[in-house]
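Colleague: sequence first, then the predicted structure:
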Amino acid sequence: MRSTDDEPARRWWARGAFASAVGAGVVPVFFAGLWRTTALLVVVLVGVVVIVACLYWFLTRRGALRWMALGIAVLAPIVVVALFVRADLLWVVLASYLLSAAAVVCARVALRSRQDETAMPEYPARRPERPFVIMNPHSGGGKVAKYDLKRKAEELGAEVVLLDGPAIVDVTELAQHAVAHGADLLGVAGGDGTQALVAAVAAEHDVPFLVISAGTRNHFAMDLGLDRTDPTLSLNALRDGVELHVDLGTINGRPFVNNASFGVYAEIVRDPAYRDDKAATVLAQLPELLSGHTGPRLVAHIDDVVVSEPHAVLVSNNAYGSSDLAGLNRRDRLDRGELGAVTLSVANTRQAVGLLRRNLSRGATQATAAEVIVDADTPEIPVGVDGESLMLPTPVRCTIHPRALRVQVPRTRPGVRPSAPVFDWVRLWTLAFRDVNSELERR
């Protein structure tokens, strides 16, 4: 239940949002007049549509048309600003924009959930006697050596194995062998893909799992609330830790801790040239992928909902926040027992504009589900699983295992910053004027 300690502050933030929003609308009408304000809005809307359409054509066309579209996309905002300057309305537009931005900031502060409401519950953890840690010295640009993680882990009683040398090591087999010989904690300093494989072994044998933020992006570590700037702080869990019981996703039986991606992104990262020149590979492949001339035709079954021929599908271990276009900012919690599912389709300019407006009926869907099945018109499809490119047989089945993994984390850590809330004017109005409404009802 929400504490009432911050209710007055939230109420004033909500009222500030409404005051700023009203100001953003009144300023242009008062200083420019109704007709000029209407013309101003039309110019802005046309400019935005032209920019989005041209950027879409830039991504989906080849040859001269691609570069003409890019040129128009660059010139469009310059032309719009020039029109405002000529009409002596630039300062009005800037003032209205600043008031609109203030309204958004105030609304987000008012609607944001308290951190103690979104935090996962902590459980007592005992200090492990025989921790076993796998470290990849190549992950994160060499963070294992840079932060001297091997020595520091061994000083805390851990047995450490480095994934170094010419031989390919099966980390699953390595973790299974460690548990069979008495390891009472499994840890990984490496990428999210390696963490997922070892996490599955820890979940299978019900032993704690330690995440050391030594990868490149450390998405899993971020959503666990760990410090990503200094991986040595993750080792504090070995001497003063608590447990978080989090969910574990599987895709055709393979574990994942973050997400699995299908479609455009999976096809692009599959190309060997992607590692050497990401931008050129994306620009070279997108026209065919978005037009449907190459790549398999997907069908996503999100529980009972069917999405036909999306260009991209993202299935995540718990849902990402919904405050950005594709919902890919962060996950507040990892223990809700559900998959997040996002599909994107941009087969034409109308859908591209619909995405800009976050119109979920035109180009995008976001949902949660217990199971997601992705089928295709080919016997196997490329899938990006926690950043690794794989070929999997169709249909591909994604499931969630609620609270299957006991993650041991430091008692003291940065924590998870709640994602930006969904903008809800009705809820905001109730929060801002609850006392006024109650008084009117009593009268």
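Modeller: Noted; the coordinates are in hand.
Colleague: direction included, what does the helix or strand A341 falls within pair up with?
Modeller: Using DSSP states H and E, the element containing A341 is strand 339-344. Note on strand 339-344: by DSSP bridges, its sheet partners are strand 312-317 (antiparallel), strand 364-369 (antiparallel).
Colleague: could these be laid out in TSV, adding distance to N258 and mean neighbour count?
Modeller: For glycine as for every other residue, the C-beta is placed from the backbone atoms N, C-alpha and C. Below are the strands paired with strand 339-344 laid out as TSV (distance: least, Cβ to Cβ, whole Å; neighbours: other Cβ atoms under 10 Å):
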stretch	distance to N258	mean neighbour count
strand 312-317	6	27
strand 364-369	16	19
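Colleague: out of those strands, which is closest to L111?
Modeller: L111 lies closest to strand 364-369 among the strands paired with strand 339-344, at 18.1 Å (Cβ to Cβ).
Colleague: and the angle for the next helix or strand after the closest one with strand 312-317?
Modeller: The helix or strand immediately downstream of strand 364-369 is strand 371-376, counting by DSSP H and E. In terms of direction (axes from the mean of the first three to the mean of the last three Cα atoms, to 10 degrees), strand 371-376 departs from strand 312-317 by 150 degrees.
Colleague: any buried residues in strand 371-376, and which?
Modeller: For strand 371-376, a neighbour-count test (16 or more other Cβ atoms under 10 Å) marks 372-376 as buried.
Colleague: any low-confidence regions in this protein?
Modeller: 1-5, 60, 113-118, 165-167, 267-294, 322-329, 346-363, 418-423, 435-443 (pLDDT under 70).
Colleague: the helices in it, which residues?
Modeller: 7-32, 34-60, 64-86, 90-111, 115-118, 143-146, 149-155, 171-180, 192-205, 219-223, 264-270, 278-291, 349-356, 425-442 (DSSP state H).
Colleague: which one of those lies closest to L314?
Modeller: helix 264-270 (8.1 Å).
Colleague: returning to that earlier point: export the helices of the chain to TSV and tack on distance to P310 and mean neighbour count?
Modeller: Formatted as TSV, the helices of the chain follow (distance: least, Cβ to Cβ, whole Å; neighbours: other Cβ under 10 Å):
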stretch	distance to P310	mean neighbour count
helix 7-32	34	17
helix 34-60	16	16
helix 64-86	24	14
helix 90-111	29	17
helix 115-118	29	12
helix 143-146	36	18
helix 149-155	40	16
helix 171-180	32	17
helix 192-205	24	23
helix 219-223	22	22
helix 264-270	9	21
helix 278-291	11	16
helix 349-356	11	17
helix 425-442	30	13
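Colleague: redo the ones you listed as JSON lines? Include distance to S308.
Modeller: Supplementary listing: the helices of the chain in JSON lines, determined by distance: least, Cβ to Cβ, whole Å:
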{"stretch": "helix 7-32", "distance to S308": "38"}
{"stretch": "helix 34-60", "distance to S308": "20"}
{"stretch": "helix 64-86", "distance to S308": "28"}
{"stretch": "helix 90-111", "distance to S308": "34"}
{"stretch": "helix 115-118", "distance to S308": "34"}
{"stretch": "helix 143-146", "distance to S308": "43"}
{"stretch": "helix 149-155", "distance to S308": "47"}
{"stretch": "helix 171-180", "distance to S308": "36"}
{"stretch": "helix 192-205", "distance to S308": "30"}
{"stretch": "helix 219-223", "distance to S308": "29"}
{"stretch": "helix 264-270", "distance to S308": "16"}
{"stretch": "helix 278-291", "distance to S308": "16"}
{"stretch": "helix 349-356", "distance to S308": "14"}
{"stretch": "helix 425-442", "distance to S308": "33"}
